[in-house]
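> Fold the following, please.
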Amino acid sequence: MHTVEVENLTVAYQKKPVLTNVNFTVPEGKLIGIIGPNGAGKSTLIKAILGLIPKACGEIKIYGKTYRAKDKIVGYVPQRGSVDWDFPTNALDVVLMGRYGHVGWFKRPGKRDTEIALESLRKVGMEEYANRQISQLSGGQQQRVFLARALAQDALVYFMDEPFVGVDAATERAIIVLLNELKEQGKTVLVVHHDLQTVREYFDHVILLNVNMIAAGPTEEAFTMENLHHTYGGKLAFLNKSQVMVEQK
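Sure thing, here's the model as predicted:
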């Protein structure tokens, strides 16, 4: 059984297609990079899978079943820029929100939930900031808190929308270590990612997207020069066989 199955997915905003006839499957226990230029529909893909935006047509299954928002098997880390960081709450409370799927929205988290939340903060190096207001944290620290919230969910599948954007090198290394730990536990992680030079290092599989799906599969098979040209058009600069970047024009 595949972890995620997407069949004939089309999403449109005001009748303008944002994703068209997207098809792919995701194997279990892998790190999957979702790659493509700005406006390619990468964030839209994640939101459509999670039911956060409507789809025009298509079928989406997670572990063979239609996903429901209340299911506990999925964790989600949104783009940092989409979060109201001025909301008056501390880091621990943000992470505890990841436990609501287990305890219910109308029950207070118990001692065990707090222990799990603190352990999640420890794993991302943020335990000492548990009582710090989130508005007082740096961008990298805020991202680590959201990763901790996803960890506290104890999900089987994780969707992360640009977790490396706006973080320092130390935070990026901490994140990729954490993602590999999740993989070793048999978890599946799908990550929207922009840095083409780290794709081969970070991901087992890739999904190349530009409104239409260009390719999907193991990184060594799908992340090719030909597929990158189809995905980015003439905006690519190849430094050598292992280094590729998007030209800013």
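> Show me where the chain has its strands.
In the chain, the segments counted as strands under DSSP state E are 4-13, 16-26, 31-35, 57-62, 74-77, 157-161, 188-193, 205-210, 212-218, 236-240, 243-246.
> Can you tell me who the residue most central in space within the chain pairs with across the strands?
Geometric centre of the chain, nearest residue: M160, 1.4 Å, by CA atoms, centre = their mean. For M160, the beta-bridge partners under DSSP bridges are V77, V191.
> Looks like it contacts T188 (just checking).
No - in this structure, M160 is not within contact of T188 by CB atoms under 8 Å, at 11.4 Å. In short, each C-beta sits where N, CA and C put it, glycine included.
> so who does M126 touch?
Counting by CB atoms under 8 Å, 6 or more residues apart in numbering, M126 touches 91, 141, 144-145, 148.
> what about 6 Å?
144-145 (CB atoms under 6 Å, 6 or more residues apart in numbering).
> Let's see the pLDDT reported for it.
Predicted confidence (pLDDT) for M126: 92.
> Relative to H230, how far out is it?
Computed as CB to CB, to the nearest Å, the M126 to H230 distance reads 40 Å.
> Next: G36.
G36 is 11 Å from H230, by CB to CB.
> Between the two, which is the more surrounded one?
G36 (22 against 14; other CB atoms under 10 Å).
> For the more buried one, give me the pLDDT.
At G36, pLDDT is 94.
> Tell me if I'm right that it and L209 touch.
Yes - G36 lies in contact with L209 (CB atoms under 6 Å); the separation is 4.0 Å.
> tell me, what's touching the two both at once?
With CB under 6 Å, 6+ apart, G36 and L209 have common neighbours K42.
> just to revisit the earlier point, isn't the residue nearest to the centre of the chain right up against H193?
No - because the distance of 8.9 Å does not satisfy CB under 6 Å, M160 is recorded as not touching H193.
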